[in-house]
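S.K.: Need the 3D shape of this:
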Amino acid sequence: MEWFFEIRLIDGPVYWLAFILGLAGAVYLLWPPRPLTTRGWVLKVLAAVAAAFALVASVHWALINVFSVFPDNVPDTVLLWIVPALAALILLVVRIPRTRWGSRITGLAAVLMVAALSAVQVNAYFGLNRTVSDLFGTELARIPTLEAELQRQPGESDGVPLQGWSVQGNVPAEGVLRKSAIPGKASGMNTREAYIYLPPAYFADNRPALPVLVLVAGQPGGPADWLTGGTLQVHMDAYARSHRGVAPVVVVPDPNGSQSANTMCMDSRIARADTYLSQDVPQWIKSTLAVDTDHNRWAAGGFSFGGTCALQLGTRHPQLFPAVLSFSGEAEPAIAKEREKTIEASFPGDPEAFNRQTPLAIMKERRFDGSGMYLTAGQDDPEFVAYLRTLAAAGSEAGFTVRAHEVEHTGHSWDTSSKRIADALDFLAERWGITG
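M.R.: Next comes the predicted model:
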C-alpha cells in the first residue's frame, strides 16, 4: 500500500485523470436532455453558471465581511474553480425531472467528477496536499516524538564553533523530523505539537553550534503544513547536502492552538501568543535542543499568517530574532477584512493598543540596523504584492537589510516559499557565517 500513499495529487497521472474525467462529466451535463431543444437548454446552462457564480461571490462576501472567517479575500482562481462544481450540481437538479433513474445516477457521477476536478485544481493552487499521504496524514503519523538521547544533556555546550568546522564521525545523509509538545509555561497557552527538523550535522561526533529557524504556518492551518505544503525536509536536506551537512535546526511551533483559531501572534484578550513565541518557545529550544544559544544566529519565518507573525517577532523582539523570512505575509495581523473588527476582537475600545504592536508602527519608532528581512509574494497575488512593497520600503527606512522578491507564476500558495526558500536560507547563511 505504500505506493498508494506516494501518489502525487498536484501533478502527474491522478491530476490529469481528474482533469479528463471532470471534462467528461461536464460534457455529459452540458448535453441537452430530451425533450428540451438545444436553445432552451443553453439558456438553462447559462442560468446555472450565472447562479453558481452569484452564489460563490455572495458566500465569499459574507464569509469575509459578515462572519470574518478569513481576514483576506480568497484568491480569484480558487473561487473560479468552485463555480464549475456548483454549476454541475445545479444542472443535475434541473435535469432530474426530465431523466430516468439510470440517467440520474449517471448525472450524479458526472457531478462528482466535476467536483473532483475542482477539488484537485484548488489543491494544486495552494500546493498543500502534494501526495495522498499528505491528504490522510499517514507520513506525519509516523514522525516519532523527540527522544531523550537527541535532547541537550545537562551541562552540554552549544557545540563546536561553526566557522571552520568539519565533520568527525559518520553522519546520516539526511536530517530527521521529530515532534514534541512545547508547554505554555509563561503564556498559559494550550497548543498542538511542534515539529522539529534536525540536520545531519546534529549527529556529528563534534556537533557544531547550529543556528535556529523558528517557522510558523498559515491560518487556517497548523504546524504540519510546513511539512506537507512547505516540503520542509526536502528543502532543508538539499541545503545541508551543499553545506557539509549543516543547516539550521528548525522548530515549527503552534501559536494558535487549533486549525481555525487566530491569535494574531499577539498578547491580547484572545491569547498570550506573543509571550508563547517570545518566551515559552525560545526557552524550550535552548533547554531541550543542542543548538547555538546566541540569538544572533536565530531567525523567525513563516508563510501567510506565519509570515506576518515572523515580521511581528522581528520587530517586537529583534534581540531574539534579528532576521525574519516572510513568505506572502500581510502588512499587519488581522482577524477580519475590516480593521475595526480586528481591533474589537483583540483590544476592544483601545485601537492604540493594537496599533502600537503592528510592524509598520514599530518600524516608524525604532531602528533595526543589523537586522535582516527577507520578503516574497506571488506576482499573481496583487494584494500581497502591495503588502510586500509597503513592508520592504518601511523596513529599509528603519535600517533592516531587505531582500524582496515578487515570485513569477505564483499566487497565494506554498510555491512562494518553495521557489525562494533556498535563496532565503542563503540570505541567513550570509548572516550566520555558514559556507559551502
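S.K.: Residue 7 touches residue 17, doesn't it?
M.R.: No. With contact defined as C-beta atoms under 8 Å, residue 7 does not count as touching residue 17 (10.5 Å). Bear in mind the C-beta positions are built from the backbone N, C-alpha and C, glycine included.
S.K.: Now do the helices in the stretch 301-436 of the chain.
M.R.: 305-316, 339-346, 351-355, 359-365, 382-397, 415-418, 421-432 (DSSP state H, counting those that start in this stretch).
S.K.: what's the closest of these to residue 28?
M.R.: Distances from residue 28 to each of these were compared by C-beta to C-beta, and the smallest falls on helix 415-418, at 33.2 Å.
S.K.: Tell me the helices and strands packed up against the closest one.
M.R.: With contacts defined as 3 or more C-beta pairs under 8 Å, 6 or more residues apart in numbering; DSSP states H and E, the packing partners of helix 415-418 are strand 372-378.
S.K.: could you give me the average pLDDT of the strand it packs on?
M.R.: Across strand 372-378, pLDDT averages out at 98.
S.K.: That one versus helix 421-432: what angle between them?
M.R.: 170 degrees (axes from the mean of the first three to the mean of the last three C-alpha atoms, to 10 degrees).
S.K.: Now do strand 372-378: distance to the chain's middle.
M.R.: Remark: strand 372-378 is offset 14 Å from the chain centroid, using C-alpha atoms, centre = their mean, to the nearest Å.
S.K.: quick revisit: the helices of the stretch 301-436 of the chain into a markdown table, with extra columns for mean pLDDT and mean neighbour count?
M.R.: As requested, the helices of the stretch 301-436 of the chain are arranged in a markdown table below (pLDDT from 0 to 100; neighbours: other C-beta atoms under 10 Å):
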| stretch | mean pLDDT | mean neighbour count |
| --- | --- | --- |
| helix 305-316 | 98 | 29 |
| helix 339-346 | 95 | 17 |
| helix 351-355 | 96 | 15 |
| helix 359-365 | 98 | 18 |
| helix 382-397 | 98 | 18 |
| helix 415-418 | 96 | 25 |
| helix 421-432 | 96 | 19 |
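S.K.: Out of these, flag the one nearest residue 64.
M.R.: From the helices of the stretch 301-436 of the chain, taking C-beta to C-beta, the stretch that ends up closest is helix 339-346, at 10.6 Å.
S.K.: contacts for the closest one?
M.R.: Helix 339-346 is touched from outside by 68, 71, 264, 266, 268-270, 333-336, 350-351, 354, with contacts defined as C-beta atoms under 8 Å, 6 or more residues apart in numbering.
S.K.: for this protein, what's the longest helix?
M.R.: If each helix of the chain is counted by residues according to DSSP state H, the longest one is helix 38-65.
S.K.: quick one: average confidence on that helix?
M.R.: Summarised as a single mean, pLDDT over helix 38-65 is 94.
S.K.: List the buried residues of it.
M.R.: Neighbour-count burial for helix 38-65 flags 41, 44, 45, 48, 49, 52, 53, 56, 60, 64 (criterion: 16 or more other C-beta atoms under 10 Å).
S.K.: Surely residue 266 touches residue 309?
M.R.: No. Under the criterion of C-beta under 8 Å, residue 266 lies out of contact with residue 309, with a separation of 9.3 Å.
S.K.: Now for residue 7 and residue 17: what residues contact both?
M.R.: With contacts taken as C-beta under 8 Å, 6+ apart, not a single residue reaches both residue 7 and residue 17.
S.K.: nearest to residue 2, of the contacts of helix 339-346?
M.R.: Residue 2 has its nearest neighbour among the contacts of helix 339-346 in residue 71, at 39.3 Å by C-beta to C-beta.
S.K.: since we're on residue 14, how many residues are nearby?
M.R.: 16 (other C-beta atoms under 10 Å).
S.K.: measure it to residue 88 for me?
M.R.: Separation of residue 14 from residue 88 (C-beta to C-beta, to the nearest Å) stands at 20 Å.
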